[in-house]
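Q: next input, structure requested:
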Amino acid sequence: KNNSWVRPHPGPFVWDLIEPKEDEYFWNDVDEYVHYSQKHNQNIIATIWPYATWDQKSCKRKKSKSPFGKHFPRYLSKPCSMEKYYKFVSLMVERYNGDGVEDMPGLTKPIIYWEIMNEPEFKMFFRGKEKDFIEIFIETSKIIKNKQEESKILMAGAAGMFPESKKFWSSALPKIHNYLDIANIHHITGPDGSCDKEMWVDEFSALLKQNNINKPIWVTEAMTGKCKVIESYINAFLYGAEVIIDVGIHAPG
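A: Below is the predicted model of the structure:
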């Protein structure tokens, strides 16, 4: 739709899809997405996925089940070569930052919002340790800010405020908060439609306050399940959400 926010998921900003072989870059799919979005005056939130099969095989990382089927890597660990990953991030941000240097041909609307990874507390999306995530996040954020001062960094969306998520983010957030601009929470309902009437924003906001972190809160994946739609949105906004992005009826659950 015209003039909307879009968060492609998993989206085309995947290391493996852009650099399927070392030093061989395939930008066509990303360029096509960006061209379409700028034609329709959309604001892209680009999720960066730090996985490339050729890189992960180089140090014999363990294969896991792809969370998105055959069009996504089955190796979800920390990159074997962080330097090669950093090179990829630098080239990607340079291509879409709109500074007139090595930009995508025809770029008129740069990507400003970059989300680094997704729900890292779940092995479904990341097979590394907390310290690995922290290293990836901080260094990726530094590269983006160096290439694009006006960029906005979203933390990897927290998978709700379940006990395992609270434990992970209580530890990780104080270590990365200086490298993010926007705090990010998800509310995906289960198959039974179970839901939280504030979309977890009340508990997430409390977690931020406990750690003296003052950041805008976005809900980048929102489902309402059995909860009342308008009431859920109002509650989430009242507890501090600035932006809520509905994931649509075809989301998991």
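Q: how about the strands in the stretch 1-150 of the chain?
A: Ranges of strands in the stretch 1-150 of the chain, per DSSP state E, counting those that start in this stretch, are 5-6, 43-48, 113-116.
Q: give the buried residues for the second one.
A: Neighbour-count burial for strand 43-48, with 16 or more other CB atoms under 10 Å as criterion, is recorded at 44-48. Bear in mind the C-beta positions are built from the backbone N, C-alpha and C, glycine included.
Q: okay, the strands of the stretch 1-150 of the chain in JSON lines with distance to residue 144 next?
A: Listed next are the strands of the stretch 1-150 of the chain as JSON lines, based on distance: least, CB to CB, whole Å:
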{"stretch": "strand 5-6", "distance to residue 144": "19"}
{"stretch": "strand 43-48", "distance to residue 144": "9"}
{"stretch": "strand 113-116", "distance to residue 144": "5"}
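Q: adding mean pLDDT and distance to residue 220, write the ones you listed out as CSV.
A: CSV is the format used below for the strands of the stretch 1-150 of the chain (pLDDT from 0 to 100; distance: least, CB to CB, whole Å):
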stretch, mean pLDDT, distance to residue 220
strand 5-6, 92, 9
strand 43-48, 97, 7
strand 113-116, 98, 7
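Q: mean confidence score for stretch 30-38?
A: What stretch 30-38 shows for mean pLDDT is 98.
Q: number the residues from 227 up from this point.
A: Yep, numbering from 227; the last one is stretch 256-264 now.
Q: what residues does it touch?
A: By CB atoms under 8 Å, 6 or more residues apart in numbering, the list of residues contacting stretch 256-264 from outside reads 232, 234, 237-239, 244, 269-270, 318, 321-322, 330-335, 337.
Q: chain center to it, what's the gap?
A: Centre-to-centre, stretch 256-264 and its host chain are 18 Å apart (CA atoms, centre = their mean, to the nearest Å).
Q: from the contact counts, what lies against the worst-scoring helix or strand of the chain on mean pLDDT?
A: Of all the helices and strands that make up the chain, strand 231-232 has the lowest average by mean pLDDT, DSSP states H and E, namely a mean of 92. Packing contacts for strand 231-232, counted by 3 or more CB pairs under 8 Å, 6 or more residues apart in numbering; DSSP states H and E, involve strand 269-274.
Q: for stretch 413-432, how far is the first residue from the last?
A: Length of stretch 413-432, first residue to last, CA to CA, to the nearest Å: 16 Å.
Q: same deal with stretch 339-357?
A: Rule used - CA to CA; the end-to-end distance of stretch 339-357 is 24 Å.
Q: quick one: buried residues of that stretch?
A: Residues of stretch 339-357 classed as buried by neighbour count (16+ other CB under 10 Å): 339-347, 351-354, 356.
Q: list the ones among those residues that fall in helices.
A: Secondary structure defined by DSSP state H assigns residue 356 of the buried residues of stretch 339-357 to helices.
Q: now the buried residues of stretch 339-357 as JSON lines including distance to residue 281?
A: Converted to JSON lines, these look like this (distance: CB to CB, whole Å):
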{"residue": "339", "distance to residue 281": "26"}
{"residue": "340", "distance to residue 281": "20"}
{"residue": "341", "distance to residue 281": "21"}
{"residue": "342", "distance to residue 281": "17"}
{"residue": "343", "distance to residue 281": "16"}
{"residue": "344", "distance to residue 281": "19"}
{"residue": "345", "distance to residue 281": "21"}
{"residue": "346", "distance to residue 281": "18"}
{"residue": "347", "distance to residue 281": "23"}
{"residue": "351", "distance to residue 281": "17"}
{"residue": "352", "distance to residue 281": "15"}
{"residue": "353", "distance to residue 281": "14"}
{"residue": "354", "distance to residue 281": "14"}
{"residue": "356", "distance to residue 281": "21"}
